[in-house]
Structures are given as structure tokens and as C-alpha cells.
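> Predicted model and sequence below, questions to follow.
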Amino acid sequence: AQSVTQLDSHVSVSEGTPVLLRCNYSSSYSPSLFWYVQHPNKGLQLLLKYTSAATLVKGINGFEAEFKKSETSFHLTKPSAHMSDAAEYFCVVSLVLGGYNKLIFGAGTRLAVHP
Amino acid sequence: NAGVMQNPRHLVRRRGQEARLRCSPMKGHSHVYWYRQLPEEGLKFMVYLQKENIIDESGMPKERFSAEFPKEGPSILRIQQVVRGDSAAYFCASSPPSPPGQTIYSNQPQHFGDGTRLSIL
């Protein structure tokens, strides 16, 4: 069965410091993994996706994530936080079924960025 | 190229009324997904549709909820006889059809609308 666990419900960083949002997954086969960001009262925007190519995935807005099979992790990082990064972040595993993918969401991590 | 359009953005209903949520997928997208997000939680899959077909409704409550994606017009998520527990944000996502020859392993990203916030009085 597919599942995803986001280890922190809230993360708070100062502007200009690194960001680390942790995610562990469970999958019975090689997964596809995504990170989505949700700003208040908005929909979800795709940050990046892993689909069994390079293990280090670069996304938009300076974010990147590394797939580590041995640790079943897919942590999201950014070298330097910006105020505009404050949002809710969701780690997502994809269950691929005959022509479409069903997304399984983590509970989310709310990122706060302080001046 | 407009994104996924959902309306209304906010919907208020009294208990026992019906709620209709609409979703127009991105141009060229033939796959529509509906998700529900309860407060302080992640999104939960409800239903996946293609034009005129429900492909997977394993996440839909068995009663009061229905979804359709007609040949013409938007996808509709319908909730009959709403109750307080139906209060949530409902998101629609769409994705393009699978490339030829990749129907089994297709993994097209889903593009999300801004959601409909449903409040039940």
C-alpha cells in the first residue's frame, strides 16, 4: 500500500536560512513522488516531481528534493528561505493505475518564514 | 491558456440543501479528479472521471455524493442533503490524456484549481 508521512506539521525559519521539509513514503514498488505548495485560499502548485530518473530533482523557486530509496525519504530543501515561501507544503506519492495516477497526500507541513 | 477553473470559490448552504460544484479542466485535458480537504488535513482523493465515464470513485461517500463529466460542459460534483461534516475545501485537478503507447505507466502531473470552499450552516 502507498502512504506518505510528513514528519513535521509546522516548520519555522528565518529569512535567508535553509529550509528542510521532511517526507517519508511507503510503496510496494518504485514510486512517483511529488511536492506541491498551497498558498492561503489557493489551489496547489506543483513544485517538483520524481519519476525514477535522477535522484536529485530540481523544482521551481529554488526548491529541490532528493529521493533516497534506502531511507524511503523524499525531503524538500531550499538553501535560502524567502518570505514568499511561507505556505503549506504537501508531499505526495502517486499510485499509478492503468493510465492514470491516484495521488496520496501527506498531512502537510506549514512553513513560516520570519524576517 | 487558462488553468483549471472552479466555481464558485465560496459556497454557503444550509443543512439539507444541495451543493453543486463546477470544474472546467485545462484546455486539452480529458481527465478530471476531485479531492476534499478537511481543515488542517491533506487532500483526500474522491473520484476520477474521463468524459462521460466514472473511472474510479473509491474515495466518494456512498450516499449523497455524485460526480459527472459530461461530453459538453464542466465536471460537476453534487452533494445532496448537505450536513455540517461536508464543510471543506473541494479541489478539482485535471491532466492530459496519456501519450500513445504509455497508457499503463502514464504519470501525467495533475494541475489543480483554486478550490471551492463549502460552508454548511
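Looks like it came in fine.

> And the spatially most central residue of chain A, how far from A:T5?
Nearest to the geometric centre of chain A sits A:W35, at 3.2 Å (C-alpha atoms, centre = their mean). Computed as C-beta to C-beta, to the nearest Å, the A:W35 to A:T5 distance reads 14 Å. (Glycine included, C-beta is placed from N, CA and C.)

> quick one: contacts for the residue nearest to the centre of chain A?
A:21, A:23, A:46-49, A:59, A:63, A:65, A:74, A:76, A:89-92 (C-beta atoms under 8 Å, 6 or more residues apart in numbering or on different chains).

> Identify the spatial nearest neighbour of it, chain neighbours not counted.
Leaving aside its sequence neighbours, A:W35 sits nearest to A:L47 (C-beta to C-beta, 6 or more residues apart in numbering or on different chains; 4.3 Å).

> Where does that neighbour sit: helix, strand or coil?
strand (DSSP: H, G, I helix; E, B strand; the rest coil).

> just checking, it touches A:V37?
Yes: contact criterion C-beta atoms under 8 Å: A:L47 and A:V37 qualify, at 5.4 Å.

> anything in contact with each of the two?
Contacts common to A:L47 and A:V37, judged by C-beta under 8 Å, 6+ apart, are A:Y89.

> Any part of stretch A:14-30 near chain B?
No: judged by C-beta under 8 Å from any C-beta of the partner chain, stretch A:14-30 makes no contact with chain B; its nearest approach is 10.6 Å.

> Run through who's touching that stretch.
So stretch A:14-30 is in contact with A:1-8, A:11, A:13, A:31, A:33, A:35, A:52, A:71-83, A:85, A:89, A:91, A:93, A:106, A:109, A:111, A:113-115, going by C-beta under 8 Å, 6+ apart.

> Kindly report the same for stretch B:33-47.
Contacts to stretch B:33-47, defined as C-beta under 8 Å, 6+ apart, come from residues A:44, A:90, A:102-108, B:23, B:48-49, B:54, B:56-60, B:65, B:67, B:75, B:77, B:88-95, B:110, B:115.

> before we move on, the earlier item: buried subset of the contacts of stretch A:14-30, written for ChimeraX?
A single ChimeraX command selects the buried members of those (16 or more other C-beta atoms under 10 Å in any protein chain shown):
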select /A:2,4,6,11,13,31,33,35,73,74,75,76,78,81,85,89,91,93,106,109,111,113
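
> Distance of A:T109 relative to A:V37?
Following C-beta to C-beta, the distance that separates A:T109 from A:V37 is 10 Å.

> so what sits against both of these two?
Common neighbours of A:T109 and A:V37, using C-beta under 8 Å, 6+ apart, are A:88-90.
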